[in-house]
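Undergrad: What follows is a protein structure lacking sequence information:
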């Protein structure tokens, strides 16, 4: 891994999801996706060591059981037919599954021999349940006899299941019965990028269920969990941030980060050098709390704790954290924190939590906030240009990132469910049409205007604190919802 980078320019060896999908058949040896980089890198300079995150999500290595399914005898006249070399296909897909799992940092247990009958299928599923495996990958090399009944048994096992059906192993009459089954996603294709993404979903879902989010709010410690998602919440008194900030000396680490961030900025206006140093100080404060609490993600009641105080709001710090692959949500918003975790774990890029503003002349939505990461293209990609400016309250330093006009983006809002009411994901896709200048406009300094595809009335656009992020991942999020029994609502 490369060290010695400013958090606003934190490159790792992670593939972004586009490259991951494109290159799955031949992933570069040694590349790690999602699970491998659990490190916050500090700026260039002497004696600046990486800080390893110790949260349970960072430490957890998801496990998946995979099995091929076919009849034992020759294929003959029945599909996939004597023309199909099932053994060659098993060797090829075994190699691809192993390579993908290795790149994702997963434990993959592939059954040595195919499942040849229903009894073997039952035994394999029981073994998976007993082992509390995180997911199942069922690869069908047959259309006949027990093949699709085995896929159904896996789907009904209450273990998240990906069914991979290469061309020749199914008709639509086979897939229709499982197409809408909860806890199961079917990929009927010869394009291995889809089952590779299936492994990615299983990995992201498992790590999300082990993640610990530090919630800095109030005056008491408490522990809770996010229903349906499994994210553990560790509540820490707001005073913890204030005490840690005050006790943090302005050492060379903080000064180096501040200087490097000012050097990389396109321009600096309003925010002074001291403001930027204080923003870097907030970043190291958050790092210290993450280390102390063993956190994977962080959110804070920032306005409630700091709006009337002299300590720096953590806007710049949160931008740095999100660039460094640490989900950081504003205003102690648990739904937004879950959205940040999901987007980073699943798509290897940061999201932008924002307040939606209707723009009726353009029939568009302006996402407005004073915290935005710069590595919108992916953690291993160059950052977008940014300015260092004041928060819209004319205090402290924050990062105003310029979004690429014409860029396809996805909008995600995680609406928490309780009990029998499922957690809902509001999903939209659209195109960036403008970066709104603030000032002369009022509101938050990062204000990106997006024209969405769905035709939703912008005055009644649903949700709040949704995440915008680069790429059109509407279909992928719908698949994730099906796999984990969440409700997808495309708007």
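TA: Thanks, I have the structure now. Being a predicted model, the structure only gives us computed values, none of them experimental. Residues are numbered from 1 along each chain as shown.

Undergrad: ok, residue 387 touching residue 267?
TA: Yes - look at residue 387 against residue 267 with C-beta atoms under 8 Å: they come within range, at 5.0 Å. To be clear about C-beta, it is placed using only N, CA and C from the backbone, and glycine gets the same treatment.

Undergrad: quick one: which of those two has more around it?
TA: Neighbours were tallied for residue 387 and for residue 267 using other C-beta atoms under 10 Å; the higher tally belongs to residue 387 (18 against 10).

Undergrad: wait, what's in contact with the more buried one?
TA: 265, 266, 267, 268, 269, 399, 400, 402 (C-beta atoms under 8 Å, 6 or more residues apart in numbering).

Undergrad: when you check those residues against the strands, which ones overlap?
TA: Here DSSP state E is the test, and the contacts of residue 387 give 267, 268, 269, 399, 400 as lying in strands.

Undergrad: By neighbour count, which of these wins?
TA: Neighbour counts for those peak at residue 399, which has 29 neighbours (criterion: other C-beta under 10 Å).

Undergrad: And the helix or strand harbouring residue 317, what does it pack against?
TA: Per DSSP states H and E: residue 317 is located in helix 315-323. With contacts defined as 3 or more C-beta pairs under 8 Å, 6 or more residues apart in numbering; DSSP states H and E, helix 315-323 has these neighbours: helix 252-264, helix 273-293, strand 328-330, strand 397-401.

Undergrad: my guess is residue 234 contacts residue 225, does it?
TA: No - contact criterion C-beta under 8 Å: residue 234 and residue 225 do not qualify, at 10.3 Å.

Undergrad: Same drill for these two, tell me which one is more crowded.
TA: Higher neighbour count among residue 234 and residue 225: residue 234, with 18 against 13, using other C-beta under 10 Å.

Undergrad: Quick check, pLDDT for that one.
TA: pLDDT for residue 234: 98.

Undergrad: is it true that it lies in a helix?
TA: No - counting by DSSP: H, G, I helix; E, B strand; the rest coil, residue 234 is not found in a helix; it is strand.

Undergrad: So which helix or strand of the chain has the lowest pLDDT on average?
TA: Lowest mean confidence among the helices and strands of the chain (mean pLDDT, DSSP states H and E): strand 39-40, at a mean of 37.

Undergrad: how does the protein divide into domains?
TA: 61-208, 212-490 (automatic domain parsing).

Undergrad: Tell me which of those lies nearest to residue 54.
TA: Among those, the nearest to residue 54 by C-beta to C-beta is domain 212-490 (4.6 Å).

Undergrad: for the closest one, how far is the first residue from the last?
TA: 28 Å (C-alpha to C-alpha, to the nearest Å).

Undergrad: please renumber so the chain begins at 57
TA: Got it, the first residue is 57 from now on, which makes the last one we talked about domain 268-546.

Undergrad: Centre of the chain to that domain, how far?
TA: Relative to the centre of its chain, domain 268-546 is centred 13 Å away, using C-alpha atoms, centre = their mean, to the nearest Å.

Undergrad: next one: stretch 246-258
TA: Mean C-alpha position of stretch 246-258 versus that of the full chain (C-alpha atoms, centre = their mean) differs by 16 Å.

Undergrad: Which residues belonging to it are considered buried?
TA: 248, 249, 250, 251, 252, 253, 254, 255, 256, 257, 258 (16 or more other C-beta atoms under 10 Å).

Undergrad: SS state for residue 300?
TA: Here residue 300 is helix, with the state taken from three-state DSSP.

Undergrad: who's in contact with it?
TA: The contact partners of residue 300, by C-beta under 8 Å, 6+ apart, come to 341, 344, 345.

Undergrad: so which of those comes closest to residue 275?
TA: Comparing those against residue 275 with C-beta to C-beta places residue 345 closest, at 15.7 Å.

Undergrad: okay but the closest one is in contact with residue 353, surely?
TA: No - the pair residue 345 / residue 353 is not scored as a contact, 11.7 Å apart, by C-beta under 8 Å.

Undergrad: so how far is residue 486 from residue 168?
TA: With distances taken as C-beta to C-beta, to the nearest Å, residue 168 is found 47 Å from residue 486.

Undergrad: quick one, which of those two is more surrounded?
TA: Taking other C-beta under 10 Å, residue 168 and residue 486 do not tie; residue 486 has more neighbours (21 against 8).

Undergrad: thought the more buried one was touching residue 465?
TA: Yes - contact criterion C-beta under 8 Å: residue 486 and residue 465 qualify, at 6.1 Å.

Undergrad: Next, show the common contact partners of those two.
TA: Listed as contacting both residue 486 and residue 465 by C-beta under 8 Å, 6+ apart are residue 506.

Undergrad: start to end distance for stretch 214-223?
TA: Distance between the two ends of stretch 214-223: 27 Å, counting by C-alpha to C-alpha.

Undergrad: Okay, and the beta partners of residue 289?
TA: According to DSSP bridges, the partner residues bridging residue 289 are residue 269, residue 280.

Undergrad: My guess is it contacts residue 279. True?
TA: Yes - Residue 289 lies in contact with residue 279 (C-beta under 8 Å); the separation is 6.8 Å.

Undergrad: These two: who's more crowded?
TA: When residue 289 and residue 279 are compared for neighbours, residue 289 comes out ahead with 21 against 10, by other C-beta under 10 Å.

Undergrad: show me what contacts that one?
TA: Shown in contact with residue 289 (C-beta under 8 Å, 6+ apart): 268, 269, 271, 279, 280, 281, 282, 390.

Undergrad: Neighbour-wise, which one of these leads?
TA: Among the contacts of residue 289, the one with the most neighbours (other C-beta under 10 Å) is residue 269, at 28 neighbours.

Undergrad: sorry, back to before: residue 109 is nearest to which of the domains of the chain?
TA: By C-beta to C-beta (comparing all of these), the closest turns out to be domain 268-546, at 6.4 Å.

Undergrad: Single out the most deeply packed of the helices and strands packed on helix 371-379.
TA: Burial of these is given as mean neighbour count (mean count of other C-beta atoms under 10 Å); strand 453-457 ranks first at a mean of 29.

Undergrad: Adjacent strands (with direction) for that one?
TA: The strands beside strand 453-457 in its sheet (DSSP bridges) come out as strand 442-446 (antiparallel).

Undergrad: Okay, buried residues for stretch 355-367 please.
TA: Residues of stretch 355-367 classed as buried by neighbour count (16+ other C-beta under 10 Å): 355, 356, 357, 358, 361, 362, 367.

Undergrad: cool, and stretch 173-183?
TA: Using 16+ other C-beta under 10 Å as the test for burial, stretch 173-183 gives 176, 177, 180, 181.

Undergrad: what angle do the lengthiest strand in the chain and strand 453-457 make?
TA: Among all segments of the chain classified by DSSP E, the strand with the greatest residue count is strand 480-491. Interaxial angle of strand 480-491 relative to strand 453-457 (axes from the mean of the first three to the mean of the last three C-alpha atoms, to 10 degrees): 80 degrees.

Undergrad: Direction included, what does strand 480-491 pair up with?
TA: Taking DSSP bridges as the criterion, strand 480-491 pairs within the sheet with strand 464-471 (antiparallel), strand 502-508 (antiparallel), strand 543-546 (parallel).

Undergrad: So for it, mean pLDDT?
TA: For strand 480-491, mean pLDDT rounds to 98.

Undergrad: what do you get for stretch 523-539?
TA: Averaged over stretch 523-539, pLDDT sits at 98.

Undergrad: One more: stretch 175-183?
TA: 98.

Undergrad: Residues touching it, excluding its own?
TA: Contact with stretch 175-183 is made by 121, 123, 125, 167, 171, 192, 202, 205-206, 209-210, 213, 215, as judged by C-beta under 8 Å, 6+ apart.
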